[in-house]
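Student: fold the stuff below for me.
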Amino acid sequence: MYLSRSFKILFFAILCLAGVPGAQAQAPKGFTPLANATELQDGLAKATKATQTIASDFSQVKHMKMMDDKVNSKGRFFFKKEDRIRIEYTSPFQYLLVMNGGQIMVKDENKSNKINTRNSKTMQSANRVMMDCMRGTVFGNKDFTVKSYSGGNQYLLELVPVNAAMKGLFARIHVYIAKNDFSVTKLVMTENGGDYTDMTFTNKKINTTLADALFSVR
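Tutor: Here you go, the predicted structure:
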C-alpha cells in the first residue's frame, strides 16, 4: 500500500515532464483525434530540452465511489534536470516524496522510508518512463498505448497501461497539455475500481533557481 501510493505520486510527477502522443482513436467530448502528431511531438521535445527546472503549486481532488465527499489536498512540485523530483503535500496533511537518481525518500507525519528503485520492478518502470521523457525516447515506451487529441487551447493524451504492473494501478490516465507552451496543466488518473484523481498545476515557474538541498534523500 505504501509503495503503491508512492508510485502513483511519482508517476504524476513523471507526467509533468513530458507527454506521449500516439495513435488516432475515438475522441473524448470536446476533442478530435490528431491525424498527425508531429507538431505535438516536436513541441514537447523542444520544451523538454529547454527545461532545466520546474517549480509549481498543485491542487488535487480524489474522487472515491464509496464516499460522497471529495478529498482535497494541496502542495508544491519541484523538478531539476536530470532526474530530481520533489513533491510536497502541505494541506490537509504533510507528505513528502523526493527522487534523486535511483533513490527515493518518502516521508509522512509519522515516519520516513527510503526506496532503491533497483529493488522494485514497479519503481524501475517509473524510473524508465522518466528517463525516456528526459532523453526524448518516450514515444517508444511499451508500458502504455497512447491516443492523442486536440481541443481548443489544449492537447489531450490518453494513456492506457499494457504491462501487468501498470495495469494493477491504473485503468487510464488523461494528460492535458497547453498548446502555447506544451506544459502539463492537468492530470486525471483513473484507477481500476473507478476512483479517480484530478491534479491541477498553477503558478508554474520554468528554469528558476532550485537548491540541490531540496532533493536530498538522506
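
Student: tally of neighbours for residue 49?
Tutor: As a burial measure, residue 49 scores 11 neighbours (other CB atoms under 10 Å). No exception for glycine: its C-beta is placed from N, CA and C like everyone else's.

Student: and the gap between it and residue 200?
Tutor: Here the criterion is CB to CB, to the nearest Å. By it, residue 49 lies 25 Å from residue 200.

Student: what's the answer for residue 167, then?
Tutor: The value you get for residue 167 to residue 200, if CB to CB is used, is 26 Å.

Student: of these two, who's got more company?
Tutor: Using other CB under 10 Å as the criterion, residue 167 and residue 200 rank with residue 200 on top: 16 against 13.

Student: looks like the more buried one contacts residue 57 (just checking).
Tutor: No - using CB atoms under 8 Å, residue 200 makes no contact with residue 57, being 9.2 Å away.

Student: list the contacts for residue 199?
Tutor: 12, 58-60, 186-189 (CB atoms under 8 Å, 6 or more residues apart in numbering).

Student: pretty sure residue 39 sits in a strand.
Tutor: No - counting by DSSP: H, G, I helix; E, B strand; the rest coil, residue 39 is not found in a strand; it is helix.

Student: quick one on the thing from earlier: can I have the buried ones of the contacts of residue 199 as a PyMOL selection?
Tutor: To isolate the buried members of these in PyMOL, using 16 or more other CB atoms under 10 Å:
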select buried, resi 12+58+60+186+187+188+189
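
Student: will you turn the contacts of residue 199 into TSV that also has secondary structure and distance to residue 68?
Tutor: Below are these laid out as TSV (DSSP: H, G, I helix; E, B strand; the rest coil; distance: CB to CB, whole Å):
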residue	secondary structure	distance to residue 68
12	helix	25
58	strand	24
59	strand	20
60	strand	18
186	strand	23
187	strand	23
188	strand	20
189	strand	21
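
Student: determine which two of the contacts of residue 199 are furthest apart.
Tutor: Greatest spatial distance among the contacts of residue 199 (CB to CB): 59 and 189, at 14.4 Å.

Student: hey, where'd the helices end up in this structure?
Tutor: 2-17, 38-50, 121-135, 164-167 (DSSP state H).

Student: among the ones you listed, which gets the worst mean confidence?
Tutor: Within these, confidence is poorest for helix 2-17, with a mean of 55 (mean pLDDT).
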